[in-house]
Each structure stands twice: as structure tokens, then as C-alpha cells.
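A.B. asks: I'd like to go over a predicted model; first the sequence, then the structure.
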Amino acid sequence: MKAEKNKEFRRQKALKQRQGEYLAAQQKAEEERNRKQKEDIKRMHAERLRKKKAAEVRCTLLCSNTFLSCCAHSSNSHTLYIPRTARYPLQEARELRQREKCRLRMLEEEEKKIAAEAAIAAMEKEEEELIARLRKTQEDQRLAYDDLKGCLQSEEV
């Protein structure tokens with residue numbers, strides 16, 4: 001009886017220890033997620049600040065106005081104040097980037113298609129080989145059955 005209580009006590013203690021370890025692991029994972037989230041927020045703020053500074057420089061260079069007087073009413077409106085001659089190179093560069101992205105996506109899709117077709121061809125070949133093995137096995141079994149049937153019939157006679 002005492003040994004059973006001692007065993008139960010050790011089992012309960014081990015269970016609590018495992019639960020504590022599990023909770024500690026969960027807490028550590030939560031802290032890691034929070035840390036990553038804070039890093040992401042800091043990175044996003046730094047990116048926004050970098051974009052804002054780049055917009056100020058671009059606006060100052062292209063509009064020859066100060067950023068505040070040019071874009072005070074809207075953070076995205078500075079493109080309205082860019083002279084027509086300065087806007088076209090930016091638009092052309094954007095279109096070139098978009099075309100390049102599209103071309104890369106098409107190449108990637110083509111590679112995926114070729115890989116999928118190769119995998120399908122390999123599976124079809126494997127399927128044919130398996131079917132041939134199955135037919136050969138079935139034929140061997142049929143022949144063995146016929147031999148056994150013939151032997152049994154000859155013994156009965």
C-alpha cells in the first residue's frame with residue numbers, strides 16, 4: 001500500500017514536472033513571437049521613415065519645391081506636382097520592372113510546368129512497370145495453380 005502511494009506520488013510529481021516544462025516552453029515561444037513582432041514593428045517604422053525621406057528627396061529634386069509646401073495636404077500627392085517630363089522616366093522604369101517581374105513569373109511557371117510533366121511521365125512509367133510485374137505475377141500464379149491442379153488430378157486417378 002505504501003509502495004503504491006509512493007509510486008503514485010512519483011508519477012504525479014513527474015506529471016507536474018512535465019506540465020511545468022510544457023508551460024515554460026509555451027511561455028518561451030510566446031516571448032519569442034512577441035520579440036519577433038516588436039522587431040517587425042521597428043522594421044516597418046524604419047521602412048516608413050526611409051520611404052518618407054526618399055519622397056522628400058524625390059519631391060525636392062523633381063518639383064523644385066520644398067516637401068511641405070508641395071505635399072502638405074497628402075503624403076501620396078507629390079506625383080501630381082512632378083513635371084510631365086520628369087514623370088515619364090519614372091513611369092517607364094516602373095513599366096520595365098513590371099515587365100521583368102512578369103517575364104520572371106512566366107519563366108518560373110514554365111519551369112514548374114516542365115517539372116510537373118516530368119514527374120507525371122516518371123509516375124506513368126513506374127505505373128506501367130508495376131502493371132507488367134502484376135501481370136507476370138498473376139500469370140506465374142495461374143501456371144502454378146494449373147500445375148497443382150494437374151498433379152492433384154493425376155494422384156486421384
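C.D. replies: Alright, I've got the coordinates. Numbers count the residues shown, from 1 in each chain.
A.B. asks: Check which helices and strands the host helix or strand of A55 is in contact with.
C.D. replies: In this structure, A55 is located in helix 2-63 according to DSSP states H and E. Packing partners of helix 2-63 (3 or more Cβ pairs under 8 Å, 6 or more residues apart in numbering; DSSP states H and E): helix 67-71. No exception for glycine: its C-beta is placed from N, CA and C like everyone else's.
A.B. asks: re earlier: how far does the helix holding A55 sit from the chain's center?
C.D. replies: Offset of helix 2-63 from its chain centre (Cα atoms, centre = their mean, to the nearest Å): 21 Å.
A.B. asks: average pLDDT across it?
C.D. replies: Throughout helix 2-63, pLDDT has a mean value of 82.
A.B. asks: swap in stretch 99-115?
C.D. replies: If you average the pLDDT values across stretch 99-115, you get 94.
A.B. asks: and what of stretch 119-132?
C.D. replies: Averaged across stretch 119-132, the pLDDT comes to 95.
A.B. asks: Tell me the buried residues in that stretch?
C.D. replies: Of the residues in stretch 119-132, none count as buried by neighbour count, 16 or more other Cβ atoms under 10 Å.
A.B. asks: OK, contacts around E110?
C.D. replies: When contacts are counted by Cβ atoms under 8 Å, 6 or more residues apart in numbering, E110 is found next to no other residue.
A.B. asks: now whichever helix or strand it is part of and helix 2-63, what's the angle there?
C.D. replies: With the criterion set as DSSP H and E, the secondary-structure element containing E110 is helix 84-156. Angle between the axes of helix 84-156 and helix 2-63 is 140 degrees (criterion: axes from the mean of the first three to the mean of the last three Cα atoms, to 10 degrees).
A.B. asks: roughly how far is helix 84-156 from the heart of the chain?
C.D. replies: Centroid separation for helix 84-156 versus its chain: 22 Å, with Cα atoms, centre = their mean.
A.B. asks: what does stretch 139-157 give?
C.D. replies: Worked out by Cα atoms, centre = their mean, stretch 139-157 lies 59 Å from the chain centre.
A.B. asks: tell me the average confidence for that stretch?
C.D. replies: Here the average pLDDT along stretch 139-157 is 90.
A.B. asks: buried sites along that stretch?
C.D. replies: Applying a neighbour-count criterion of 16+ other Cβ under 10 Å, one finds nothing buried in stretch 139-157.
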